[in-house]
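Chemist: Predicted coordinates and the sequence they were generated for:
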Amino acid sequence: MPHTTSETIAERIENLYGQPMAALEAHAETNPAGTMLAALTSSHSDLQFAERNITFQLQRLRELASPEREIGKFEAGHLLDCARRIAESVATRDAHAKTVSAVLASLHRTPAPPAPSTAVDLTASVPPRPVEPAATHTR
């Protein structure tokens, strides 16, 4: 089962920062917490975990509800537990996707500042000439 939500979010983060997710995650881990990049990569990781859990629990639910299996009290409890876990993971995935999407929608890449010129601007480094007082004659 493809994890399209996390893949879409990853693409948007990569486009925003102009680097692959692996590099961004490594950078976020080596820099102090509290940065926007760290928050985005952490939320993306939580989103991926929720999607993997949905896939796992759905597979388990299909195994438990297989037509070849008899469903007794024990199996019924497992079926309900899988369904509950799927619902929790879907809610988690949707909450993370909504929040990260809203944050990403508010962020934009800024153009890189122009490269400094190699030519020296002499007028910028010369201070203005001080105003001289008017000449007075004394006799």
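Modeler: Looks like it arrived, so ask away.
Chemist: all contacts plus neighbour counts: C-alpha atoms, from now on.
Modeler: Will do.
Chemist: so where is the chain shaky, pLDDT-wise?
Modeler: Counting by pLDDT under 70, the chain has low-confidence residues at 1-3, 32, 112, 115-139.
Chemist: Quick test: name the residue nearest the centre of it.
Modeler: Leu40 (2.4 Å; Cα atoms, centre = their mean).
Chemist: Counting by contacts, list what the helix or strand where that one lies packs against.
Modeler: Here Leu40, judged by DSSP states H and E, is contained in helix 36-64. Helix 36-64 makes packing contacts with helix 4-17, helix 21-30, helix 73-106 when contacts are defined by 3 or more Cα pairs under 8 Å, 6 or more residues apart in numbering; DSSP states H and E.
Chemist: quick one: buried residues of it?
Modeler: Buried residues in helix 36-64, defined by neighbour count with 16 or more other Cα atoms under 10 Å: 37-38, 40-41, 43-55, 57-58, 60-61, 64.
Chemist: now stretch 96-116
Modeler: Across stretch 96-116, burial judged by 16+ other Cα under 10 Å covers 96-97, 100-101.
Chemist: where's Leu104 relative to Lys73, distance?
Modeler: In this view, Leu104 and Lys73 are 46 Å apart by Cα to Cα, to the nearest Å.
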